[in-house]
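In: Structural data only, the sequence is not supplied:
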């Protein structure tokens, strides 16, 4: 079946088209979803060191609730071609044009689909074909809708999804352990100089 048969999509907005000044009478301050939050959820280190919190002002009449992140939809980064199920701490962020919201039907387990889309060879092969010949790999909505998916039963999806979540959690804890060991050794080396 095609992905469009089991999902609905919301394209992120061009922030520059929505943005207004802080002095606009109906301006509301919102924070756009950034690659930092996306990568954090994906478990990928974000290399740019800026910690500034970008906030923009949008007229309240242009605030479509579908343009904001939630904890039940998957978020796709169109260039990275990866999806994540955002945690509660990233709820309510504005989706910009680099992102796309995928709301899956009840017959699909979100944790399973996150793993399936990001790691299964069947999907990865299709994504590679869709982005051939392009200098900047960008996944278009029309291609995404045509993506062929093969889903096991919902019970099997839930098992696979849970295992994938536990695997990712284990990997994150292993990386944290390595980092803490590195810091300990570094501090011991510094202390040995005294």
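Out: Cool, got the structure. Small disclaimer: the values here were computed from a predicted structure and weren't measured.
In: Run a quick neighbour tally on residue 101.
Out: Look at residue 101: counted by other Cβ atoms under 10 Å, it has 24 neighbours. For the C-beta atoms, the positions are set from N, CA and C on the backbone; glycine is no exception.
In: Where does pLDDT dip in this protein?
Out: Where the chain drops to pLDDT under 70, the residues are 46-53, 132-136.
In: I figured residue 114 hits residue 74, correct?
Out: Yes: with contacts defined as Cβ atoms under 8 Å, residue 114 counts as touching residue 74 at a distance of 6.2 Å.
In: Name the residues contacting each of the two.
Out: With contacts defined as Cβ atoms under 8 Å, 6 or more residues apart in numbering, the residues shared by residue 114 and residue 74 are 83, 84, 85.
In: For this protein, which residue occupies the most central location?
Out: Nearest to the geometric centre of the chain sits residue 84, at 3.8 Å (Cα atoms, centre = their mean).
In: what about that residue, which helix or strand?
Out: In the assignment (DSSP states H and E), residue 84 maps to strand 82-85.
In: Break down this protein into its helices, ranges please.
Out: Here the chain has its helices, by DSSP state H, at 15-18, 35-42, 110-119, 121-130, 141-146, 154-192.
In: chain center to the strand holding residue 84, what's the gap?
Out: Between the mean C-alpha location of strand 82-85 and the chain-wide mean there is a distance of 4 Å, by Cα atoms, centre = their mean, to the nearest Å.
In: Residue 62 is in contact with residue 18, isn't it?
Out: Yes: when contacts are counted by Cβ under 8 Å, residue 62 is listed as touching residue 18 (5.1 Å).
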